[in-house]
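A.B. asks: Need the 3D shape of this:
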Amino acid sequence: REYLKAQEVYTRGIDLYQTENERDAGFTGDYNTGLLYADMGDIEYFISGDMDAALKNYEMALKNKNDTASIN
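C.D. replies: Just a heads-up that it's a prediction; the model follows:
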C-alpha cells in the first residue's frame, strides 16, 4: 500500500550506491544493495507493469549478490 514511499526510498538508495560506485572503482555492492534492486524490480513488475525496468533491476540484484529463486 505504501509503494510510492517505498519507491522513493529505493530510488534514493540505488542513486546513492551508483554515485559512490562511480566515484570509487573499488566500491562494490552487497546483498543489501541487491535487495534494493530486487524490491524496486518488484514494484515495477507487480505495480507499474514496466517489465523492461523490472528485468533491469532484477539483473542488477543478481549482480549485487541477491540471487534468489523468486528473482530467477
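
A.B. asks: For the protein, which residue occupies the most central location?
C.D. replies: residue 37 (1.0 Å; C-alpha atoms, centre = their mean).

A.B. asks: quick one: contacts of the helix or strand containing that residue?
C.D. replies: According to DSSP states H and E, residue 37 maps onto helix 31-42. If you take C-beta atoms under 8 Å, 6 or more residues apart in numbering as the criterion, helix 31-42 is touched by 6-7, 10-11, 13-14, 17, 53-58, 60-68, 71. (C-beta placed from N, C-alpha, C; glycine too.)

A.B. asks: give me that answer again for 7 Å
C.D. replies: Helix 31-42 has contacts (C-beta atoms under 7 Å, 6 or more residues apart in numbering) with 6, 10, 13-14, 17, 54, 57-58, 60-61, 64-66, 71.

A.B. asks: try stretch 63-71
C.D. replies: Contacts of stretch 63-71 (C-beta under 7 Å, 6+ apart): 29-31, 33-35, 37-38, 58, 61-62.
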